[in-house]
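Undergrad: after the sequence you'll find the predicted model.
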Amino acid sequence: MDLLQAMKTFVAVVDAGSFVGAMDAVALSKPAVSRHVAELEAHLGARLLQRTTRRLSLTDEGQIYYQRCKEVLQAVLEAEAEVGAATGRVQGRLRIGAPQTFGALHLAPLWGRFAAENPQVTLDIVLSDRVVDLVEEGYDLVVRIARLADSNLVSRMLARTRIVPCASPEYLAARGTPAHPRDLARHDLISYSYWAAGDVWSFTGPEGEVAVRTRSRIHANNGDTCRAAALAHQGIILQPDFLVYEDLRSGRLVELMPEFQAATLGIYAIYPTRKQLPLKVRRLVDFLVDALRRPAWAADSSPGA
């Protein structure tokens, strides 16, 4: 029995809450996952898990062993990081999370170069606009676009993005061009469902902050969908410039109310606080900072980091 692999499998089962859920985390089939846990229990002479048809739960012995396994596996990671730092060699699996649109447009072209520069690293990339729990879901690093609140996580800014209200010339010709945020009440709006402020669109202008409660014709949980609707002349969107910059430069979309500025958000690499950051994560952070130093959507801006 490979004791370390068995410990990894056991921890994955507990974290996932099922044998099936642990399969992806350890890249094993369900029979192999079950076998590892059974062999571990036989090796220890103790039952670690209570199994029912509906759920798994830890025994008292299992709870103690689970905590010790977590400590041992973390120590192994730190030992590998120390050796890697000494030799300059980077290896292992990196689980990375990123927003769907930003990940597809601006990060996807980078992964091939990072993989070529670090051939011993395996990348597991997950695109989702949902705010994930790094620790609970096993991410080494996530890219997040937000105004960050204080937390026990470590972050490094990669770039900035400006949120822009815009619409197609055809829509504006038919419905008129809003001159003030209050004018949005008579327009068709296309809203992003995950916008932190919900249906409230806020702007800063000559009179200070103006907040407008909107009623949208179209809601979508994906920025590409909002953009497509705007390009089809269906209304006004409030989207980041990293998504619409080419449309604005070409004239397919027109920025509205330029004297009223919406939010500017940071694009951050976020990773859990650790006593010693693994070299593979440090290498990835440095790579992203360099790659996004002069982003395409803000070619004249200073480096974001």
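TA: All right, it came through fine.
Undergrad: walk me through the domains of this structure.
TA: 3-86, 87-159+265-298, 161-264 (automatic domain parsing).
Undergrad: JSON lines please, covering those and showing mean pLDDT and mean neighbour count.
TA: In short, each C-beta sits where N, CA and C put it, glycine included. As requested, those are exported to JSON lines (pLDDT from 0 to 100; neighbours: other CB atoms under 10 Å):
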{"stretch": "domain 3-86", "mean pLDDT": "87", "mean neighbour count": "15"}
{"stretch": "domain 87-159+265-298", "mean pLDDT": "88", "mean neighbour count": "16"}
{"stretch": "domain 161-264", "mean pLDDT": "94", "mean neighbour count": "17"}
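Undergrad: which other helices and strands contact the helix or strand that Ala108 is a member of?
TA: Assessed by DSSP states H and E, Ala108 sits inside helix 108-117. Helix 108-117 sits against strand 121-127, helix 279-291, with contacts defined as 3 or more CB pairs under 8 Å, 6 or more residues apart in numbering; DSSP states H and E.
Undergrad: would you list those in TSV and tack on distance to Glu80?
TA: Shown next, in TSV, are the helices and strands packed on helix 108-117 (distance: least, CB to CB, whole Å):
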stretch	distance to Glu80
strand 121-127	12
helix 279-291	8
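Undergrad: for Glu78, find the nearest of those.
TA: For Glu78, the closest of these is helix 279-291, at 10.6 Å, according to CB to CB.
Undergrad: strands along this protein, start to end?
TA: Ranges of strands within the chain are 49-51, 56-58, 92-98, 121-127, 141-146, 153-167, 189-192, 200-205, 208-213, 218-220, 236-240, 254-255, 264-272, based on DSSP state E.
Undergrad: and the fifth one, how far from the chain's centre?
TA: The gap between the average C-alpha position of strand 141-146 and the chain average comes to 5 Å, counting by CA atoms, centre = their mean, to the nearest Å.
Undergrad: ok, it: who's next to it in the sheet?
TA: Here strand 141-146 is paired, per DSSP bridges, with strand 92-98 (parallel), strand 264-272 (antiparallel).
Undergrad: give me the angle between the longest one and strand 236-240.
TA: Pointing back at strand 264-272 there. Following axes from the mean of the first three to the mean of the last three CA atoms, to 10 degrees, one obtains 50 degrees for the angle between strand 264-272 and strand 236-240.
Undergrad: quick revisit: got CSV for the strands paired with strand 141-146, with distance to Asn221 too?
TA: Putting these into CSV (distance: least, CB to CB, whole Å) gives the following:
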stretch, distance to Asn221
strand 92-98, 16
strand 264-272, 17
